[in-house]
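Asker: What shape does this take:
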Amino acid sequence: MNKKTIACLLAGFIAVSGVPFSTSAEDTHNVVIIDFNGLVMQTITVPHGSVLDLSGIDTSSLNQHPDIYTQIAFNEWGNLPESGIVTEDIAVYALFRKMTIACETFPDKTEYYSNTGNINLNGLKVTITDYVQTPEKDKNGAFIVREEVTNIESKCTTVPATLDEAFADGKTSASVDVYPINSDLPIISYDITYFRGLGDIDNNGLVESTDASSILTYYSYSSVGGDAQFSEHQKQCADVNRDNVIDSIDASAVLAYYSALSITTDYISWDDFLSR
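Answerer: Okay, here's the model as predicted:
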C-alpha cells in the first residue's frame with residue numbers, strides 16, 4: 001500500500017468518525033491568576049475552547065488596609081481572553097480599587113473670642129481619592145489607573161460639636177477631632193483656645209467707645225516713643241485683628257463693633273463680626 005493510499009484512508013476515518021486528530025497538550029490550558037503585587041495566587045486548568053469562569057476565585061483575600069485611612073479591594077479582572085474563550089495558556093490579573101482619605105489643610109481659625117456657637121472649619125480641606133485600575137493598557141503594556149478626587153470637608157463633623165461643649169466649665173482651651181463622613185476614626189485633631197475680653201481694654205465686661213479711645217491713646221504715645229501704659233493682657237485685648245500691632249485699625253474695629261451692638265438686641269460675637 002503506497003503513501004497516497006494511507007493518507008486517503010486516514011482522512012476517510014476522521015471524516016466518518018468525527019473524532020478530532022489532536023494531541024493531549026492541546027486539550028487543556030493553564031490560566032495563571034496574578035494578584036495586585038504580581039504574585040501568583042493560583043493556577044487553574046481549563047479545557048481548550050471553553051469559557052473562562054473565574055467566579056470560584058476568592059477575591060476577598062485581596063482586601064487590604066495599608067493604614068487606617070486607606071482601603072484596597074478587588075475591582076475586576078484584566079487580560080481576559082477575547083470573547084472569554086480560552087485557546088492558549090494565559091495570565092489573568094486581579095485589578096484593584098483603592099480609596100484614600102486625606103486632610104490637605106487644617107482649619108484656619110484656632111482662636112475664638114466667644115464660648116458659644118459652632119466650631120469654624122473654614123480652611124479645612126479633606127479629600128477622598130479613588131484609584132481604579134482598569135483593563136485598558138498604556139503604551140508600555142501597564143494597566144491604566146484612573147484617579148478621581150472628591151472634597152468631603154462639608155460632610156465632616158467635629159467632637160466636641162460646638163464651642164459650648166469645647167469651652168464648658170470655664171475651660172479656655174480644647175482639642176477638636178474632625179471625623180469624615182461614615183468614619184469612626186478622626187482624620188485630624190487640633191487645638192483651639194478661647195480668649196475673653198477682646199476689645200474690652202478696661203476689663204468692665206463691655207466693649208465701648210472708651211475702649212477705642214484707650215487704644216488710640218496707646219497708639220499715639222507708642223508711635224512717638226512715649227511710655228504707653230498697657231498690661232500684657234490689655235495689649236492682647238487691644239490687638240483686635242491679631243497682626244501684633246496696636247494701631248488705629250484696631251480702634252476702628254472696636255468702634256464698629258460697639259456701633260453694631262448698639263443698633264440690635266441680638267448678641268453679636270466678635271467671631272461673627274470679624275468674619276463679615
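Asker: Correct me if wrong: S114 contacts L163.
Answerer: Yes: contact criterion CB atoms under 8 Å: S114 and L163 qualify, at 6.6 Å. No exception for glycine: its C-beta is placed from N, CA and C like everyone else's.
Asker: More neighbours: which of those two?
Answerer: Each of S114 and L163 has its neighbours counted (other CB atoms under 10 Å); L163 has more, 22 against 19.
Asker: Could you pull up the residues touching F195?
Answerer: E111, Y112, Y113, T172, Q236 (CB atoms under 8 Å, 6 or more residues apart in numbering).
Asker: ignore the last one, F106
Answerer: F106 touches G123, L124, I188, Y190, counting by CB under 8 Å, 6+ apart.
Asker: Give me the phi and psi for it.
Answerer: phi -90, psi 160 (degrees, to the nearest 10).
Asker: For this protein, name the helix or strand with the lowest mean pLDDT.
Answerer: None of the helices or strands of the chain scores lower by mean pLDDT, DSSP states H and E than helix 3-17, at a mean of 40.
Asker: Give me the common contacts of S114 and L163.
Answerer: Y194.
Asker: Just the strands from the stretch 1-150 of the chain, written as ranges.
Answerer: With strands called from DSSP state E, counting those that start in this stretch, the stretch 1-150 of the chain shows them at 28-34, 40-47, 64-67, 70-78, 90-105, 111-112, 125-137, 143-151.
Asker: Ok, which of those comes nearest Y218?
Answerer: strand 111-112 (21.4 Å; CB to CB).
Asker: what sits up against that closest one?
Answerer: By CB under 8 Å, 6+ apart, strand 111-112 touches N120, L163, F167, I192, T193, Y194, F195, R242, D271.
Asker: about what we covered before: please tabulate the strands of the stretch 1-150 of the chain in TSV, including the columns distance to L216.
Answerer: Below are the strands of the stretch 1-150 of the chain laid out as TSV (distance: least, CB to CB, whole Å):
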stretch	distance to L216
strand 28-34	76
strand 40-47	77
strand 64-67	55
strand 70-78	56
strand 90-105	37
strand 111-112	24
strand 125-137	40
strand 143-151	44
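Asker: and of the ones you listed, who's closest to A253?
Answerer: strand 111-112 (15.4 Å).
Asker: how near is V149 to T127?
Answerer: When distance is defined by CB to CB, to the nearest Å, V149 is 5 Å away from T127.
Asker: Which one of the two is surrounded by more residues?
Answerer: T127 (17 against 11).
Asker: quick one: that one and I201, what's the gap?
Answerer: 43 Å.
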